[in-house]
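# sequence first, predicted coordinates after that:
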Amino acid sequence: MNQKSQTAMRMVQPLRSIVPAAENNINAKFIVVDKGRVAMEGQFKTCLALVADETAAVHFQLWGDECEAVEAGDILVLRNGIFSYSRSSLLLRAGKRGTVEKVGEFTMPFVETPNLSEMRWAPDPRAANKYVQQAVFSAHSRIFPPPR
């Protein structure tokens, strides 16, 4: 692991602490729990993944070559990511400024609830440009339901 990766891992924040915002700077480490099918969005390939750490889960959007490179069980570090709405779905993603790097596989504890993408967020009445959790749509991911 290079020095940049080691520094990013020391500065990671738990998924449970992230909130939607127009400008985020999220540094997180998580495991890919499940990955959806690849779709074309204009000229670009995209796919959704369910990712999680020890505190929460969230839907993560993969773009382009990431769709084939990332598999369930991969442990990823996200640097300078954003958590925002994309087509009415709340997603964690690298965006234009962020990067995603695989740092391991299969050996990370995680939880699938709460799923931050399955919550309704509302503007914080006490702070402009901040959001707070308002309601829970589903305890688990409706896109990646738990096995029965």
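In hand now; what should we look at?
# after the helix or strand bottoming out on mean pLDDT in the chain, next one along is what?
In the chain, the helix or strand scored least confidently by mean pLDDT, DSSP states H and E is helix 3-10, which has a mean of 49. Downstream of helix 3-10, the first helix or strand assigned by DSSP states H and E is strand 26-35.
# can I get that next one in PDB, CA atoms only?
Extracted in PDB, the C-alpha atoms of strand 26-35 (Å, rounded to 0.1, in the frame of the first residue of the first chain):
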ATOM      1  CA  ILE A  26     -15.800  12.100   2.300                       C
ATOM      2  CA  ASN A  27     -13.000   9.800   3.000                       C
ATOM      3  CA  ALA A  28     -14.200   6.300   3.900                       C
ATOM      4  CA  LYS A  29     -13.200   2.700   3.900                       C
ATOM      5  CA  PHE A  30     -15.900   0.000   3.200                       C
ATOM      6  CA  ILE A  31     -16.500  -3.400   1.800                       C
ATOM      7  CA  VAL A  32     -18.600  -4.100  -1.300                       C
ATOM      8  CA  VAL A  33     -21.500  -6.300   0.000                       C
ATOM      9  CA  ASP A  34     -23.300  -6.700  -3.300                       C
ATOM     10  CA  LYS A  35     -23.100  -5.300  -6.900                       C
END
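# pairing partners for W121 in the sheet, please.
In this entry, W121 is beta-bridged to Q133, by DSSP bridges.
# perfect, that will be all.
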